[in-house]
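Asks: here's my sequence, what's the structure:
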Amino acid sequence: MAKKANNAEEESLGKFLLDVVVMMVIMGGILYALFTFVLSNETVSGPSMQPTFENGDRIIAVRHFSLKRNDIVILKAPDQKGALYIKRVIGLPGDMVTSKNDKLYINGKQVAEPYLNNKFKKAANAAGQPYTNNFTLTRRVPKNSYFVMGDHRDVSKDSRYFGFVKRDAITGKVVFRYWPLTHWQTF
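Replies: Predicted coordinates:
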């Protein structure tokens, strides 16, 4: 009798372990598919989006999305093969963008930029300098293109330097920061 109970326990343990392995394979497959086709996991590198994002922040972006002004996006760097940039969408197709005296104008109307109320802007203004250099686009943002800028305006390499970004160069829209744990945030 004891031998039969022992065999049943071994079969039960073996079945349990097999179930665990199968479940792990299925979960791994689901996560792989999710992060291959739906989401991307990225690490912020560089200061161009400070203080919204700091170097080393970990973020999740969605791969299928519609864009609106002020969305934060991941894009293929137009001036550096294989690199990705993180920027904020400022100008949509058809927009005329101007910055004058640290005020942003889209199609002639001033647009609020509350994300720029930070120590970097205050330091530039205290030194008598604009945080965002004055500029006016020479033409409207083309169809299927966007004008993007970093939040740390005086160090960001963005559309002011490399021009408009085509829609197909934008690989993701940032939706969540999960690292550092003390700075969890949805976007």
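Asks: now do the buried residues in the regular element (helix or strand) spanning residue 121.
Replies: Taking DSSP states H and E as the criterion, the element that holds residue 121 is helix 119-126. Within helix 119-126, the residues scored as buried using 16 or more other Cβ atoms under 10 Å are 120-121, 124. In short, each C-beta sits where N, CA and C put it, glycine included.
Asks: ditto for stretch 45-53
Replies: 46-50, 52-53.
Asks: what pLDDT does residue 47 get?
Replies: Looking at residue 47, its pLDDT is 94.
Asks: my bad, should have said residue 34
Replies: For residue 34, the model assigns a pLDDT of 81.
Asks: count of neighbours near it?
Replies: Per other Cβ atoms under 10 Å, the neighbour tally for residue 34 reads 10.
Asks: give the next helix or strand downstream of whichever strand or helix holds it.
Replies: In the assignment (DSSP H and E), residue 34 maps to helix 2-37. Per DSSP H and E, the first helix or strand lying C-terminal to helix 2-37 is strand 39-43.
Asks: report the longest strand in this protein, please.
Replies: Taking DSSP state E as the criterion, the chain has its longest strand at strand 170-179.
Asks: which residues are in contact with residue 49?
Replies: 72, 86-88, 150-152, 156 (Cβ atoms under 8 Å, 6 or more residues apart in numbering).
Asks: report pLDDT for the residue nearest to residue 60 when sequence neighbours are not counted.
Replies: Nearest residue to residue 60, sequence neighbours excluded (Cβ to Cβ, 6 or more residues apart in numbering): residue 176, at 4.4 Å. Turning to residue 176, the model gives it a pLDDT of 96.
Asks: got it, and residue 80?
Replies: For residue 80, the pLDDT comes out at 87.
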